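Peer 1: Let me see the structure of the following:
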Amino acid sequence: MGAYAAAYERSIADPTRFWGLAARDVRWLVPPDRVLDDGAPPFYRWFTGGELNTCENALDRHVEEGRGDQAALIYDSPVTETVRTYSYRELTDLTARFAGALRALGVERGDRVVIYLPMIPEAVVAMLACARLGAVHSVVFGGFAAKELAVRIDDARPKVVVSASCGIEGARIVPYKPLLDQALELASHKVERCVVRQRPQLHADLVRPRDIDWDEAVAGASPAGPVPVASTDPLYILYTSGTTGRPKGVVRDNGGHAVALRWSMENVYGVGPGEVFWAASDVGWVVGHSYIVYAPLLTGCTTVLYEGKPIGTPDAGAFWRVAAQHRVKALFAAPTAIRAIKKEDPEGALAAAYDLSALETLFMAGERLDPETYRWASRVLERPVIDHWWQTETGWAIAANPRGLEPLPVKPGSPTVPVPGYDVRILSPDGTPAPAGADGDIVVRLPLPPGTLSTLWQDDERFVESYLTRHPGHYLTGDGGHLDEDGYLWVMGRTDDVINVAGHRLSTGTMEEVIAAHPAVAECAVIGVQDPLKGQVPRGFVVLKSGVDADPETLRAELVRMVREQIGPVAALKEISVVAGLPKTRSGKILRGAMRGIADGREVPVPSTIEDPAVLEDLRPILRTRDEP
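Peer 2: Here you go, the predicted structure:
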């Protein structure tokens with residue numbers, strides 16, 4: 001039995017022993033009474049009776065254990081032409097002082113703080129400072145619309161909001177303070193104080209006495225020490241993308257989160273203390289929470305905070321420049337970022353200009369890694385490209401290639417195998433187990449491992465209804481797919497991306513996989529739209545690689561033929577449009593649901609999570625026009 005298989009078997013057969021051993025890597029102020037409290041299913045709690053402080057585990061303990069002078073955080077901002085390194089000692093001091101500033105504003109254990117900041121070091125400091133006080137942070141992506149920010153303020157009811165004068169999106173300066181002021185007017189909950197980081201690029205007007213300048217707040221503050229909290233106390237609330245109406249706030253606890261992320265860093269990513277890890281994401285998303293801030297710092301790694309884009313800051317070699325300059329061992333990015341780089345630099349020539357000898361692995365997540373993007377990145381980088389799959393709700397990988405345990409053979413299109421702790425099953429709609437190779441609902445048998453959501457903020461009923469009701473005793477991921485004969489998981493997309501064409505259930509993800517293999521295609525999306533005869537039919541949208549001048553009719557015919565040959569005529573894909581871009585969230589997910597709604601004739605508002613509203617608006621007339629092939 002290999003190292004992975006042995007670890008996985010132990011984690012499922014005896015999770016209490018497995019995670020009890022993993023918990024030894026965390027500093028407990030009071031050891032837990034029980035590793036797993038399973039007394040009130042479907043609610044499970046990890047490490048009950050234990051007390052710790054997540055910030056102390058991420059910062060203070062490393063200083064005390066001799067890593068004070070090691071780099072903790074590298075801030076790399078091509079948009080401001082700034083690179084700055086913070087040692088563990090410096091980051092601890094900054095965090096303790098800002099925690100003291102929050103304490104002076106009345107923030108105590110259990111209070112909420114909303115963080116509305118760009119990708120600057122203060123965002124990391126503010127998150128850790130909340131954890132230091134036992135306060136609950138809720139990070140809202142910097143630049144979110146005022147209405148959406150107001151909804152989150154009303155749900156979390158924070159005592160303080162931490163923001164900045166502006167963010168920088170490529171060459172564009174985005175004023176944050178007017179958005180914050182508007183949100184505070186819209187919100188029913190009245191925030192007592194706001195701390196605003198003034199950036200040199202834009203000075204914000206402060207509303208006194210409610211608003212206080214970051215520098216002023218810190219200058220008059222005494223450093224705060226770490227406050228002990230219960231393992232089961234909430235560390236943060238993170239609202240899932242695309243929420244409408246009442247938001248869905250995922251709650252992460254302190255103890256289970258620290259144990260799981262610390263374990264994942266070395267076992268999933270193969271990165272240990274003193275090594276450099278870069279998650280090319282944003283702290284507004286779960287990847288930023290888990291793998292920019294908490295997991296690397298809990299492990300004693302050096303983490304990179306990047307304020308820039310994969311292209312345009314200044315070019316498609318930006319990622320390779322950062323990886324080379326900071327000697328990054330493992331890079332974590334979204335497939336959409338790599339596709340953007342591939343579109344601008346199809347031959348990967350820019351990567352060859354940098355010394356990437358320190359880079360051992362490229363990890364991909366956030367959406368399905370199509371085989372064509374996998375092959376391109378593998379060819380350009382000449383090193384392992386590892387897909388893995390997880391969700392905001394889980395906080396860390398459900399399925400991955402466990403590089404630190406036992407690197408496994410790669411199957412392009414699969415995120416490899418279930419991670420230890422996740423008892424992954426495939427269930428048919430009626431709840432019966434699906435045979436190997438057969439598609440069904442991807443679920444995880446309860447209890448979920450540590451680090452996953454414990455509930456939804458102030459809404460246990462909605463938590464049960466959303467995730468635990470369809471298949472009792474299991475967590476519903478909302479994704480469909482199958483396990484093959486080798487135990488590899490294949491995630492074919494959200495269950496609502498499975499379309500029914502004349503009684504045949506087809507995965508749009510499979511069609512996208514075929515289309516993406518065409519040499520002219522940079523990226524694509526397939527959606528199911530209503531059809532009076534067949535119920536639904538697929539429609540495809542493709543973005544061409546830079547420099548490619550393809551005749552749309554010829555390309556459409558080639559793509560239709562490829563899908564017909566590889567999937568069969570039952571796929572019925574005939575409508576394919578060449579478009580300038582696809583609408584995406586800021587985390588890189590294509591907004592297929594919004595596209596589907598527009599194509600079906602519904603009035604679809606611009607989603608709050610969209611990166612560039614103009615892309616969706618440009619696509620509306622195309623979506624509403626039906627071809628007659």
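
Peer 1: And the strands in the stretch 501-629 of the chain?
Peer 2: For the stretch 501-629 of the chain, the strands defined by DSSP state E, counting those that start in this stretch occupy 504-507, 521-531, 535-544, 575-578.

Peer 1: I'd like those strands laid out as JSON lines, including mean neighbour count and distance to Gly588.
Peer 2: C-beta here means a position set from N, CA and C on the backbone, and glycine is covered the same way. Shown next, in JSON lines, are the strands of the stretch 501-629 of the chain (neighbours: other C-beta atoms under 10 Å; distance: least, C-beta to C-beta, whole Å):
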{"stretch": "strand 504-507", "mean neighbour count": "17", "distance to Gly588": "20"}
{"stretch": "strand 521-531", "mean neighbour count": "22", "distance to Gly588": "10"}
{"stretch": "strand 535-544", "mean neighbour count": "22", "distance to Gly588": "14"}
{"stretch": "strand 575-578", "mean neighbour count": "19", "distance to Gly588": "21"}
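
Peer 1: would you turn those strands into CSV with mean pLDDT and distance to Gly300?
Peer 2: Listed next are the strands of the stretch 501-629 of the chain as CSV, based on pLDDT from 0 to 100; distance: least, C-beta to C-beta, whole Å:
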stretch, mean pLDDT, distance to Gly300
strand 504-507, 65, 42
strand 521-531, 89, 37
strand 535-544, 89, 41
strand 575-578, 92, 49
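
Peer 1: is it possible to export those to CSV including distance to Phe144?
Peer 2: Converted to CSV, those look like this (distance: least, C-beta to C-beta, whole Å):
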stretch, distance to Phe144
strand 504-507, 32
strand 521-531, 24
strand 535-544, 26
strand 575-578, 30
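
Peer 1: So for Ala295, which of those strands sits nearest?
Peer 2: strand 521-531 (28.7 Å; C-beta to C-beta).

Peer 1: so where do the strands sit in the stretch 51-200 of the chain?
Peer 2: For the stretch 51-200 of the chain, applying DSSP E, counting those that start in this stretch gives strands covering 51-52, 71-77, 82-87, 112-116, 136-139, 160-164, 166-169, 172-175, 193-197.

Peer 1: and of the strands of the stretch 501-629 of the chain, who's closest to Val113?
Peer 2: strand 521-531 (37.0 Å).

Peer 1: That closest one vs strand 535-544, what angle?
Peer 2: 160 degrees (axes from the mean of the first three to the mean of the last three C-alpha atoms, to 10 degrees).

Peer 1: circling back to that earlier point, so which of the strands of the stretch 51-200 of the chain comes closest to Ile527?
Peer 2: Taking C-beta to C-beta, strand 166-169 is the member of the strands of the stretch 51-200 of the chain nearest to Ile527, at 27.1 Å.

Peer 1: distance between the closest one and the chain's centre?
Peer 2: 20 Å (C-alpha atoms, centre = their mean, to the nearest Å).

Peer 1: Equivalent analysis for stretch 316-332, please.
Peer 2: With C-alpha atoms, centre = their mean, you get 19 Å for stretch 316-332.

Peer 1: Just the terminal-to-terminal distance for it.
Peer 2: Start and end residues of stretch 316-332 are separated by 16 Å (C-alpha to C-alpha, to the nearest Å).

Peer 1: Repeat that for stretch 285-292.
Peer 2: 10 Å.

Peer 1: wait, isn't Ser414 in contact with Trp490?
Peer 2: Yes: using C-beta atoms under 8 Å, Ser414 is in contact with Trp490, at 5.1 Å.

Peer 1: looking at this, Val250 is in a helix?
Peer 2: No: read with DSSP: H, G, I helix; E, B strand; the rest coil, Val250 is strand and lies in no helix.

Peer 1: so how many other residues sit close to it?
Peer 2: 23 (other C-beta atoms under 10 Å).

Peer 1: same question, Asp355
Peer 2: 11.

Peer 1: which non-adjacent residue is nearest it?
Peer 2: Spatial nearest neighbour of Asp355, excluding adjacent residues (C-beta to C-beta, 6 or more residues apart in numbering): Ala324 at 4.9 Å.

Peer 1: Could you report the neighbour count for the one you found?
Peer 2: Ala324: 18 neighbours (other C-beta under 10 Å).

Peer 1: That one: what secondary structure?
Peer 2: Relying on three-state DSSP, one would call Ala324 helix.

Peer 1: For it, which residues are in contact?
Peer 2: When contacts are counted by C-beta atoms under 8 Å, 6 or more residues apart in numbering, Ala324 touches 354-356, 358-359.

Peer 1: do the same with Thr392
Peer 2: Going by C-beta under 8 Å, 6+ apart, the list of residues near Thr392 reads 238, 240-241, 250, 285-286.

Peer 1: Quick one: classify it as helix, strand or coil.
Peer 2: From three-state DSSP, the assignment for Thr392 is coil.

Peer 1: Any idea how many residues pack against the nearest residue to it once chain neighbours are set aside?
Peer 2: Nearest residue to Thr392, sequence neighbours excluded (C-beta to C-beta, 6+ apart): Val286, at 4.4 Å. For Val286, the count of nearby residues is 25 (other C-beta under 10 Å).
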